[in-house]
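Okay, predicted coordinates and the sequence, questions at the end:
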Amino acid sequence: MKRIYLIEDEMPIARLVQAYLERAGYEVNWNDGNEDPLRIFLSWKPDLVLLDLMLPNHDGLTILDQIRQYNSCPVIIITARGTVPDKLQGLAQGADDYIAKPFDPEEVIARVQAVLRRSSYLAESDTIRLGALSIDFSAQNALLGKEPLSLIPRDWQLLAFLARHPNQCFSRDQLLDQVWGMDFEGGDRSVDTAVKRLRKSLQHWPSSEGEISTIRGMGYSLRVY
């Protein structure tokens, strides 16, 4: 049974969403924001988080940043802040989807199911195809069209990590921990250098299909269109 961690301070909304999720076969842990969201996340290990941005004692985007420092568990933001800049900021910081209030509970179920399916595919698939770009995790190689990309091991590891987490933004420190390892003694300029090399290797990947984007003040993201 998949576990859904619901962080929402409005009891009527939380109870409604919880009832629909449990009816759909999910196990739900509801936190109204009074308990430490990160502590429960780390101890309960959910498969997906439904996160309200406007909590009485916490900032939702800060919680999202904290979650992303530990793993790539799917996060869907649910909030009344439904303006385009709010949505873009949430997605840039690593949210997998965004639902604005008011909403239909059936839409929440559909979004949860879609995000879980996508994350399961990305985690388990041996090969991911992003338009003309094909990434084979078993063979540890990548093709652009029919041409193999010549990648040094570190660049391959960076591409593989970003491909497993498309459209999520990672800071340089997060990439250093996940790709270089926590014992790496070099600075974060190593990330910039690897991204520059990787972009050069991917220069013929059609921009309409994807790109490695710089999210100003935040980090890098493999955008897939």
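Ah, there it is. Numbers count the residues shown, from 1 in each chain.

how near is G60 to L53?
Distance, G60 to L53, by C-beta to C-beta, to the nearest Å: 3 Å. Yep, even glycine has a C-beta here, placed from its N, CA and C like the rest.

Regarding P12, which helix or strand does it belong to?
Using DSSP states H and E, P12 sits in helix 11-23.

quick one: buried residues of the helix or strand immediately after that helix in the chain?
Per DSSP H and E, the first helix or strand lying C-terminal to helix 11-23 is strand 27-31. Neighbour-count burial for strand 27-31 flags 28-31 (criterion: 16 or more other C-beta atoms under 10 Å).

Which of these sits closest to I13?
I13 has its nearest neighbour among these in W30, at 10.5 Å by C-beta to C-beta.

can you pull the pLDDT of that closest one?
pLDDT, W30: 96.

re the thing from before, which neighbours do G60 and L53 share?
Shared contacts of G60 and L53 (C-beta atoms under 8 Å, 6 or more residues apart in numbering): 77, 79.

Now do the strands in this protein.
Counting by DSSP state E, one finds strands in the chain at the ranges 3-7, 27-31, 48-52, 75-79, 97-100, 127-130, 133-136, 141-144, 147-148, 169-170, 210-215, 219-224.

For those strands, could you give me a markdown table that also reports distance to L116?
Shown next, in a markdown table, are the strands of the chain (distance: least, C-beta to C-beta, whole Å):
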| stretch | distance to L116 |
| --- | --- |
| strand 3-7 | 9 |
| strand 27-31 | 13 |
| strand 48-52 | 6 |
| strand 75-79 | 10 |
| strand 97-100 | 11 |
| strand 127-130 | 17 |
| strand 133-136 | 21 |
| strand 141-144 | 26 |
| strand 147-148 | 33 |
| strand 169-170 | 21 |
| strand 210-215 | 22 |
| strand 219-224 | 18 |
